[in-house]
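Student: I'll drop the sequence and a predicted model, then ask my questions.
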Amino acid sequence: MGCWHGRKVGWGWRASRVRGRARLAWLVAQALLGAWLMLAGPAAAVAQPLDAMCPTRPLSLLQPDVPSLADVCFVQDDQRALGPGDVLSGRWPVQRRDADQLVFTHTRAAYWVYVPLRNPDPVDHTWFLQLDYPLLDEVDFWVYDLEPAGAAPVLLHAERMGDARPFGLRPVRHRLFLLPLDFRPGQSLGVVIRVRSSGAINIPLSLHTAESALAGTQNHSLAQGMFLGALGLLIIFNLTLFLRLRILQPLYNAAYILCAGLFLASMSGLSFQYLWPDSPWLANVSVPVTEVLAILSLLLFTRVFLGVRADRWPRHTQLIRGLFAAGAVLFAASFWAPYSVIIKVNTVYALASMLCMFAIGIRHARQGERAARWYVASWLVFYAGFLFYSLAAFGYVPGFMAQERWMQAGLGSQIFLLTYAEIMQLRDLLDRALRIESSARSSLQHEVQARTADLRTAMGSLEQANRQLRELTRHDPLTGLLNRRGLDESLDRVLEGPDWVEPHVVLAIFDLDRFKRVNDDYGHDVGDFVLEWVAEVLRNLLRRKSDVLARFGGEEFVVLLPGMAAQDAAVLIQRVLDHVRRHPVDLDDGRQLPLTLSAGVAAWRPGDTAQSLFRRADASLYRAKNAGRDRLVIDSDQDGLADAGEEISRDSA
């Protein structure tokens, strides 16, 4: 027993010694592993195969629609320095989140998303990967073949989209971003997506078969067509009221409906698809511009609809004027300010303006105005949709497309209620007018007659003022010459009038050479003085009463010479060019500014119209500019290019 006890003690000591050595080895291994992780850095900490972090998703025709991809791998690129190869390497920290939760507020970072997909069926299939947020500047797709076992993925094709690029670059003409994916039997494809935008970033990804994508597009087009068609009918209705009644209230309402509809169309990508697909700049600018224009037109409608006058509502009048002035400044700033800044400022301005208009409507409703109650009700239904829509647009809540439908419902309800309130107000005004008229006929007939006489006098004065205004609109305010409208009327009167028998008519177009340098070097005041000086030269050298002088726009002048042959007109026009060349303009500071003119001339031919005559003269002007400027080019059957003097001498010979 003692011997056995001695063996047990020896074995226990040896066992404890072995366990101590094992524990020491484990501690050393842990220390070495921790040191290696510290030296390797964070990239090594996640350096593992990408397919282990982002497993391939099998596709099934039993589920033709995947409304939102779950558990998507993405990488945040703060420096915007990564490429698709960096993402595929797995060396960068990868995060996972459902696609409908890939929502980020305004940021300078780029986001990379990796979506591996596999076709388990033994037949070819085509799927569409859809990104359901149209307001993204740059969306790049790289499609890789993941089939080669043990080999690097093979790039099949790449697509570059986004509203900062022409719409025609998209493989599918759609307001959203659709990427067609063609699968061979059993093939696996990896899609790498890079998203960058100056505004909020939403990356809601979904998958659809070709049939499902087509059906979804048709359903959305039908819904959008019905919504925009309803807005169009309301615009026509309000314009009809304006033309029939000659009051501004329906006109402002029509302007608001138009601007609000364009704003929603721009936000949904429809404007970029159908209105300006080749102008990415306009696609970005249209959102803040139409937003401000909608508020400005609504301010005008509110002022007229609620009868906000300075004598009765001075504070409300000042508030509306202040908001309108701020909106005018923001409208101008929307064309040059960064999108990420101006969209926030404009939205804050829109929200503040709407709250102010809502408060003004409540104040008027408390005064017992029935139309004001409908006005307040229209704002209540609008705010619900606008709140969620704005939060989704700025990336604070997911589901932008769902919130878009709420916004359409809220806006449509508001517009309907505003139009209904407008009709009710007009009906009340009509009833009031009928009661006044009935009372006046029974007791104040003579006063009605006096008011009728005053009205006729006022209408006569208004008609005279309109005639004077029409005359003013035909002349250029700077030079006093006819403007483009006046020129068009003169051309039509000379060439298309019922008394047209004169076969000799010459049209000349003058253009100041390098006029932009005058504005850049001397300032726009000197530029305006130069334009007035040229107009005076034309008046002095072209003195016939039948001659028509006009400033066509910018630095272009047009002269119409009825009853003059082309040779005589060329001599007269060359005299104008020589005079301008030989007589520099005397400036106020004592300097002299030399100028030259280029001119294009076209003579009337049988069968000519005003448009064709002007077009030939304009083409001659372009040939004169391209040939070195400071010269006259006459349109002829041979399309020759020469000085007026040479053409005259050749014709004389």
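Tutor: Yep, it's here.
Student: host element of the most centrally placed residue in the chain?
Tutor: By CA atoms, centre = their mean, the mean C-alpha position of the chain lies nearest to residue 286, the distance being 2.0 Å. Using DSSP states H and E, residue 286 sits in helix 280-305.
Student: Quick one: mean pLDDT over that helix.
Tutor: The average pLDDT within helix 280-305 is 90.
Student: Show me what the helix or strand residue 458 falls within is packed up against.
Tutor: Residue 458 belongs to helix 445-472 when assigned by DSSP H and E. Where contact means 3 or more CB pairs under 8 Å, 6 or more residues apart in numbering; DSSP states H and E, helix 445-472 is packed against helix 400-443. Heads up, the C-betas are built off the backbone N, CA and C, glycines and all.
Student: Report the angle between the helix it packs on and helix 445-472.
Tutor: Here helix 400-443 runs at an angle of 130 degrees relative to helix 445-472 (axes from the mean of the first three to the mean of the last three CA atoms, to 10 degrees).
Student: Now do helix 400-443: distance to the chain's middle.
Tutor: Distance of helix 400-443 from the chain centroid (CA atoms, centre = their mean, to the nearest Å) equals 31 Å.
Student: tell me what it is packed against?
Tutor: Using 3+ CB pairs under 8 Å, 6+ apart, helix 400-443 sits against helix 210-245, helix 248-267, helix 280-305, helix 370-393, helix 445-472.
Student: do that again at 6 Å, thanks
Tutor: Applying 3 or more CB pairs under 6 Å, 6 or more residues apart in numbering; DSSP states H and E, one finds that helix 400-443 makes contact with helix 210-245, helix 370-393.
Student: and residue 615, which of those is closest to it?
Tutor: Minimum separation from residue 615 across the helices and strands packed on helix 400-443 (CB to CB) falls at helix 210-245, 33.6 Å.
Student: The closest one - contacts with which helices or strands?
Tutor: By 3+ CB pairs under 6 Å, 6+ apart, helix 210-245 packs against helix 248-267, helix 400-443.
Student: Okay, angle between the last one and helix 210-245 too, please.
Tutor: Just to be clear, that refers to helix 400-443. Following the same axes, to 10 degrees, one obtains 20 degrees for the angle between helix 400-443 and helix 210-245.
Student: I'd like to know the average pLDDT value across the helix or strand containing residue 508.
Tutor: Under the criterion of DSSP H and E, residue 508 resides in strand 505-512. Averaging pLDDT along strand 505-512 yields 93.
Student: ok, now stretch 260-273?
Tutor: Here the average pLDDT along stretch 260-273 is 86.
Student: Would you mind pulling the contact partners of that stretch?
Tutor: Residues from elsewhere that reach stretch 260-273 (CB atoms under 6 Å, 6 or more residues apart in numbering): 134, 163, 167, 175, 231, 283, 286-287, 290-291, 294, 411.
Student: now do stretch 161-180
Tutor: Contact with stretch 161-180 is made by 128-132, 134, 136-139, 141, 159-160, 269-270, 272-273, 277-278, 280, 283, as judged by CB under 6 Å, 6+ apart.
Student: Just the ones in helices from the residues you listed, please.
Tutor: Of the contacts of stretch 161-180, the ones assigned to helices by DSSP state H are 270, 272-273, 280, 283.
Student: Save those as a markdown table, and put in neighbour count and distance to residue 338 too.
Tutor: Converted to a markdown table, the ones in helices among the contacts of stretch 161-180 look like this (neighbours: other CB atoms under 10 Å; distance: CB to CB, whole Å):
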| residue | neighbour count | distance to residue 338 |
| --- | --- | --- |
| 270 | 19 | 24 |
| 272 | 24 | 19 |
| 273 | 18 | 24 |
| 280 | 18 | 15 |
| 283 | 26 | 15 |
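Student: Between all of those residues, which two are separated the most?
Tutor: So, the ones in helices among the contacts of stretch 161-180 by CB to CB: farthest apart are 270 and 280, at 15.2 Å.
Student: Which strand or helix spans the nearest residue to residue 548 once chain neighbours are set aside?
Tutor: Nearest non-adjacent residue to residue 548, counting by CB to CB, 6 or more residues apart in numbering: residue 560, 3.8 Å away. According to DSSP H and E, residue 560 maps onto strand 556-562.
Student: Only the buried residues of the helix or strand following that strand, if you could.
Tutor: Toward the C-terminal end, the helix or strand that comes next after strand 556-562 (DSSP H and E) is helix 566-582. By neighbour count with 16 or more other CB atoms under 10 Å, helix 566-582 contains the buried residues 566-567, 569-570, 572-574, 576-577, 580.
Student: Of those, which is the nearest to residue 92?
Tutor: Closest to residue 92, out of all of the buried residues of helix 566-582 and judged by CB to CB, is residue 580, at 66.9 Å.
Student: which residues does that closest one contact?
Tutor: Applying CB under 6 Å, 6+ apart to residue 580 gives the contacts 595, 597.
Student: Distance of it relative to residue 63?
Tutor: 77 Å (CB to CB, to the nearest Å).
Student: Same check on residue 303?
Tutor: From residue 303 to residue 63 the distance is 55 Å (CB to CB).
Student: what do you get for residue 525?
Tutor: With the distance defined as CB to CB, residue 525 ends up 70 Å from residue 63.
Student: next one: residue 114
Tutor: 21 Å.
Student: Just to be sure, residue 179 is in a strand?
Tutor: Yes. Counting by DSSP: H, G, I helix; E, B strand; the rest coil, residue 179 falls inside a strand.
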